[in-house]
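[1] Have a look at this prediction, sequence included:
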Amino acid sequence: MVDHPALLPPETWLVIMDLLADTTPDPNWNTATDNIILQSSPHIRTVSTLSRFFHQLTDPYRFRNANLMVDTLGSPMLRLRRIEELLNLLEHRPEIKTWIRTLSIGQSCILGLFANIEFDKKYPTIEQRVQKLVPELHSLNSLRCGLISFSSPLFSGVLRLPQLGRLELEHFQLPQSASENTVDWSTVDRNKTSLRSLTIMTLGPPAIQTVSAIIHLLQRETLVELIYQPSMWRSQPGGVTLLEVISTHIPDYVFVGLRRLAIKLSSADVEVRRFVDLGARCPNLTTLSIDSMSLFDSSSQIEDRIKRGGIALHHFPALQRFEGPLVLAPIFTQGRSVHTVIGDALPRSHGIDWAENETTPAPSIATLRPGVPLRVLHLVVLQWSDADIEAVAQYHPELQELVYSYLGEGKMFWSARSEEAFRKLSNLRRIALGESLNSIAPNVIEDDHHTITKLRNLCPSLQQADISELGTWRLRPERKH
C-alpha cells in the first residue's frame with residue numbers, strides 16, 4: 001500500500017490542495033432551492049474519496065463554503081434537515097468552525113410565496129442556532145444575509161469577525177423599542193473589521209438602530225467597494241434608501257477609500273440629486289457601475305436628471321472605468337481619465353417594442369470624450385450596425401479591446417464599410433463579436449480559419465478573437481527551433 005504522507009512533505013500536500021480548491025464552484029450553488037449545504041470544487045470532492053488520508057487532508061476545504069439560506073421552493077424541510085445535521089456536526093467537531101470562509105444565512109427574498117406550516121414551525125429554532133453560530137466563525141471572509149431577524153447581538157457578533165472582508169445584506173433592519181438606547185457601534189467594533197466590500201439591497205424603516213448600524217459600516221476606512229441594489233419588488237413600505245442615509249446623516253463624510261460603486265439608481269429627482277452629491281465625496285473612486293432600479297425608468301430620464309443635478313468634473317474625479325447604459329457614459333467620461341467603458345445600448349423603458357426601436361449607439365460613441373485614449377469598449381446592442389463600428393474607429397482609433405455583442409438574429413454582417421473601420425483599429429489586441437457573447441462556442445479556432453485570417457490582416461496587433469458561433473482564437477507564441 002502506498003504511504004501517501006511519506007511521498008511528499010505536509011507543506012507540499014497543502015499547496016496541492018490549495019490549487020485544487022481554487023477551482024470555481026458552480027455559480028448557482030447559493031440559490032437555496034437545492035439541498036447542497038457545502039460547496040467545494042469537484043477536484044476536492046474526488047480526492048476526498050481516495051483514502052482515509054486524503055479524506056482528512058481535504059476536510060478544511062470541503063467545509064470552506066457553507067450555504068444555510070433557505071426558501072419554500074423545492075424541498076424546504078429536507079433542506080432544513082441538512083442544515084440541522086451540519087449544525088449538530090459543528091457542535092461535536094468545533095474545529096470545523098475555523099475552516100468556514102464563506103457563509104449564506106437567512107431566508108431567500110422569494111420566501112412566503114407558498115405556505116408551509118411545518119416549515120414555519122421548524123425554521124425559528126434553526127435560525128436561532130445559526131445566529132448563535134455566526135459570531136464563532138473567526139475565519140469567515142464572506143457573509144451573505146437574506147431575510148433574517150437581525151438583532152443587536154447578532155450585528156455585534158458580525159462586527160467582531162476579525163477576517164470578514166465581504167458583507168451582503170439583502171434585507172437589513174434592526175428592531176428598536178421606545179426604551180432601547182442607541183448602540184455605539186464603534187465601541188463594539190474595537191478591532192476595526194477588515195470589511196472591504198458591502199452590498200445592501202433593502203433597508204427597513206429609518207429606525208435609529210438601523211441607520212446607525214449602516215452608517216458604521218459605511219464609515220469603515222477599509223471599505224473599497226459599495227454595492228447598492230434596491231429592487232422595486234422587494235422594497236418595504238416606509239423603508240429608508242441608502243442614498244437617503246448618506247445624504248441626511250453623514251452629509252460631510254468623504255469616502256476616501258472607496259474605489260468601486262455599483263448602484264441601481266431611481267429616476268426620482270431627489271435620489272438622483274443625492275447620487276450626484278455623493279460623487280463629490282468619492283475623490284478616489286475608479287469604477288462606477290449604474291443600472292436602472294425600475295423597468296419603468298428609461299436611461300434618458302436618468303440622463304436628464306443627472307445633468308440637471310449639476311454634475312461636474314469634481315464629481316468622481318478619479319474615474320477610470322464606467323459600466324452602465326451607454327447613453328450615460330459621455331456624462332462620466334467627459335474630461336476624466338476613463339480608459340474603459342462597458343456600455344449597454346439596449347432600450348431600458350418598459351413597454352418599448354425592441355423590434356421597432358431604431359436607436360443606434362453611434363452618437364453616444366462619438367460623444368465619449370475621456371481625458372485619455374479609450375482602451376477598452378464593450379457594447380451590447382440590438383443588432384449589428386456598420387455605423388457603430390465606424391464610430392468606434394473614427395473616435396477611438398487607439399482602442400485595444402472591443403466587445404460587440406448584439407441580440408438580433410443572424411450572423412455577423414461583413415461589409416466593405418466594416419472592414420475599412422476595422423483596418424483603422426491597428427492597436428486592437430482583443431476582439432469579441434457576435435450574438436449572445438455570454439455563450440461563446442467552446443471551440444478553438446485555428447489560425448487558417450478565413451475569419452481569423454481576415455481579422456489578422458485588418459488588425460495586425462490582434463492576439464485574441466472570440467466569435468460567438470465559432471469559438472476562441474489566441475495568438476500562439478512562436479516556437480524557437
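    Structure's in. What do you need?

[2] What is the neighbour count of Q39?
    When neighbours are defined as other C-beta atoms under 10 Å, Q39 has 17 of them. The C-beta positions use only the backbone N, C-alpha and C, and glycine is treated the same way.

[3] element containing L154?
    Following DSSP states H and E, one finds L154 within helix 152-159.

[4] buried stuff in the helix or strand following that helix?
    Counting by DSSP H and E, the next helix or strand C-terminal to helix 152-159 is strand 166-172. By neighbour count on 16 or more other C-beta atoms under 10 Å, the buried set for strand 166-172 is 166-172.

[5] can you give me how far the helix or strand that comes right after strand 166-172 is from the chain middle?
    Proceeding N to C from strand 166-172, the next assigned helix or strand is helix 185-188, under DSSP H and E. Taking C-alpha atoms, centre = their mean, to the nearest Å, the mean C-alpha location of helix 185-188 is offset from the chain mean by 29 Å.

[6] can you give me the helices for the stretch 101-250 of the chain?
    117-133, 152-159, 185-188, 208-218, 242-249 (DSSP state H, counting those that start in this stretch).

[7] Comparing those by mean pLDDT, which bottoms out?
    Looking over the helices of the stretch 101-250 of the chain, mean pLDDT reaches its minimum on helix 185-188, with a mean of 72.

[8] Which elements pack onto that one?
    helix 152-159, helix 208-218 (3 or more C-beta pairs under 8 Å, 6 or more residues apart in numbering; DSSP states H and E).

[9] Report the angle between the longest one and helix 152-159.
    Translated: helix 208-218. Using axes from the mean of the first three to the mean of the last three C-alpha atoms, to 10 degrees, the inter-axis angle of helix 208-218 relative to helix 152-159 is 0 degrees.

[10] Can you mark which positions in helix 208-218 are buried?
    209-214, 216-218.

[11] Please convert the residues you listed to CSV, extending it with distance to A262.
    Converted to CSV, the buried residues of helix 208-218 look like this (distance: C-beta to C-beta, whole Å):
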residue, distance to A262
Q209, 26
T210, 22
V211, 22
S212, 24
A213, 21
I214, 17
H216, 21
L217, 16
L218, 15
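
[12] Packing partners of the helix holding L154?
    Using 3+ C-beta pairs under 8 Å, 6+ apart: helix 152-159 touches helix 185-188, helix 208-218.

[13] switch to 10 Å and redo it
    Applying 3 or more C-beta pairs under 10 Å, 6 or more residues apart in numbering; DSSP states H and E, one finds that helix 152-159 makes contact with helix 117-133, strand 142-147, strand 166-172, helix 185-188, helix 208-218.

[14] Export the fourth one to PDB, keeping only CA atoms.
    To tie it back to what came earlier, the one meant is helix 185-188. Extracted in PDB, the C-alpha atoms of helix 185-188 (Å, rounded to 0.1, in the frame of the first residue of the first chain):
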ATOM      1  CA  TRP A 185     -21.100  50.500  17.300                       C
ATOM      2  CA  SER A 186     -17.600  52.000  17.400                       C
ATOM      3  CA  THR A 187     -17.200  50.700  20.900                       C
ATOM      4  CA  VAL A 188     -18.300  47.200  19.800                       C
END
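
[15] ok, P175 - contacts?
    149-152, 204, 207, 209-210 (C-beta atoms under 10 Å, 6 or more residues apart in numbering).

[16] how close does it get to F150?
    8 Å (C-beta to C-beta, to the nearest Å).

[17] cool, Y253 as well?
    Y253 is 23 Å from F150, by C-beta to C-beta.

[18] Show me which of these two is the more surrounded one.
    Remark: of Y253 and F150, F150 carries more neighbours, 22 against 13, as counted by other C-beta under 10 Å.

[19] For that one, which residues are in contact?
    106, 131, 158, 169, 171-175, 204, 209-210, 213 are the contacts of F150 under C-beta under 10 Å, 6+ apart.

[20] tell me, how many neighbours does R274 end up with?
    Counted with other C-beta under 10 Å, R274 comes out at 22.

[21] Could you do M293 as well?
    21.

[22] pretty sure it is in contact with L242, am I right?
    No - between M293 and L242 there is no contact under C-beta atoms under 10 Å: 11.6 Å.

[23] Over to H378. Which of the three states is it?
    When classified by DSSP: H, G, I helix; E, B strand; the rest coil, H378 comes out as strand.

[24] same check, this time on Q383
    coil.

[25] E419 - that's part of a helix, no?
    Yes - per three-state DSSP, E419 lies within a helix segment.
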